[in-house]
Structure formats: structure tokens, C-alpha cells
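S.K.: got a predicted structure plus its sequence, pasted below:
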Amino acid sequence: MVLRMSLDRVGDLVGGLPQSAFKYAAWWANEQTEGAAHVQCRAWLDAGYKARPNLKAETVTFERDKW
């Protein structure tokens, strides 16, 4: 399953995104190591998805991780 959303829409759903989510692809890192610096990735990784941002288009694609 693939879900593409605007960053503004994601922000609407979660109560806002920091400016760094719009500026830095690293904010959307799919870090799976314990103690990862980008703790927000736990939300989509725990749901079984990986994030692929397109900052120029101000979108992010969540794609179901392969089991």
C-alpha cells in the first residue's frame, strides 16, 4: 500500500510539523536502531510503513514495508 500526502496535510493530522520537516529530508529518516535521533519515525515504522519525502513537491510518500 502506498499513501502520498502533502506535508501540510500530515501536519493537519498530527497537530503540526516543525519547519525542519519541510527543510530537511533527514527529518523523515527511517531509523530503525534503538536510540534513533529522529524519534518521530517510530510512528510510521511501528505502523509498518517507510517514509519517502519529496521536499520540492512538499509531499511525503508512506509505503508499506515489506514483511
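M.R.: Great, that's in hand.

S.K.: low pLDDT regions in this structure?
M.R.: 67 (pLDDT under 70).

S.K.: pretty sure residue 21 is in a helix, no?
M.R.: Yes: remark: residue 21 belongs to a helix, assigned using DSSP: H, G, I helix; E, B strand; the rest coil.

S.K.: OK, contacts around it?
M.R.: Going by CB atoms under 8 Å, 6 or more residues apart in numbering, residue 21 touches 7, 10-11, 27-28. For the C-beta atoms, the positions are set from N, CA and C on the backbone; glycine is no exception.

S.K.: would you list those in TSV and tack on distance to residue 64?
M.R.: TSV is the format used below for the contacts of residue 21 (distance: CB to CB, whole Å):
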residue	distance to residue 64
7	20
10	17
11	22
27	21
28	16
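
S.K.: which of the residues you listed count as buried?
M.R.: 7, 10, 27-28 (16 or more other CB atoms under 10 Å).

S.K.: redo those residues as JSON lines? Include distance to residue 46 and secondary structure.
M.R.: Listed next are the buried ones among the contacts of residue 21 as JSON lines, based on distance: CB to CB, whole Å; DSSP: H, G, I helix; E, B strand; the rest coil:
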{"residue": "7", "distance to residue 46": "20", "secondary structure": "helix"}
{"residue": "10", "distance to residue 46": "16", "secondary structure": "helix"}
{"residue": "27", "distance to residue 46": "17", "secondary structure": "helix"}
{"residue": "28", "distance to residue 46": "15", "secondary structure": "helix"}
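
S.K.: which one of the residues you listed is nearest to residue 43?
M.R.: residue 10 (10.4 Å; CB to CB).

S.K.: isn't that closest one right up against residue 60?
M.R.: Yes: counting by CB atoms under 8 Å, residue 10 touches residue 60, with 6.2 Å between them.

S.K.: okay then, goodbye and thanks.
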